[in-house]
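Asks: coordinates for the following, if possible.
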Amino acid sequence: MSGEQRPSGSLTIQLNGDARRCPAGLSLPEVLRHFGYEPRLVVVEFNGEILPRTAWDQQAVGGDSVLEVVTIVGGGS
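Replies: Modelled structure (predicted):
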């Protein structure tokens, strides 16, 4: 065990304009996966700012977090 403790319970965040519950203590990529997103295929606005992908692993998500998630869609004709 790493000795790192995570808060227990759950919290409510704003995700694409809706209040959504998720486990407490997750990093941003973990929250994205919890809601069914593939982190490498999305862009995230976190509390009003586009968050660089390099900061995602260190970004804690708390009950006051507001996320807008945009899925990247490929294709063309």
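
Asks: residues in contact with residue 69?
Replies: 15, 16, 32, 35, 37, 42, 43, 44, 45 (CB atoms under 8 Å, 6 or more residues apart in numbering). Any C-beta I mention is one placed from the backbone N, CA and C, and that applies to glycine too.

Asks: and the closest residue in space to residue 47 that isn't next to it in sequence, what are its bridge partners?
Replies: Excluding the flanking residues, the one nearest residue 47 by CB to CB, 6 or more residues apart in numbering is residue 66, at 5.4 Å. Beta-bridge pairing of residue 66 under DSSP bridges involves residue 14.

Asks: touching, residue 66 and residue 14? I think so.
Replies: Yes: counting by CB atoms under 8 Å, residue 14 is a contact partner of residue 66 at 4.3 Å.

Asks: what confidence value was assigned to the residue positioned nearest the centre of the chain?
Replies: For the chain, residue 28 is the residue whose C-alpha lies nearest the centre (CA atoms, centre = their mean; 3.6 Å). Here, the pLDDT recorded for residue 28 equals 96.

Asks: quick one: contacts for it?
Replies: Contacts of residue 28 (CB under 8 Å, 6+ apart): 39, 44, 46, 51, 56, 57, 59, 61.

Asks: what sits up against stretch 41-49?
Replies: For stretch 41-49, contacts defined as CB under 8 Å, 6+ apart pick out 28, 32, 50-51, 56, 59, 65-72.

Asks: now with 7 Å?
Replies: Contact with stretch 41-49 is made by 28, 32, 50-51, 59, 65-72, as judged by CB atoms under 7 Å, 6 or more residues apart in numbering.
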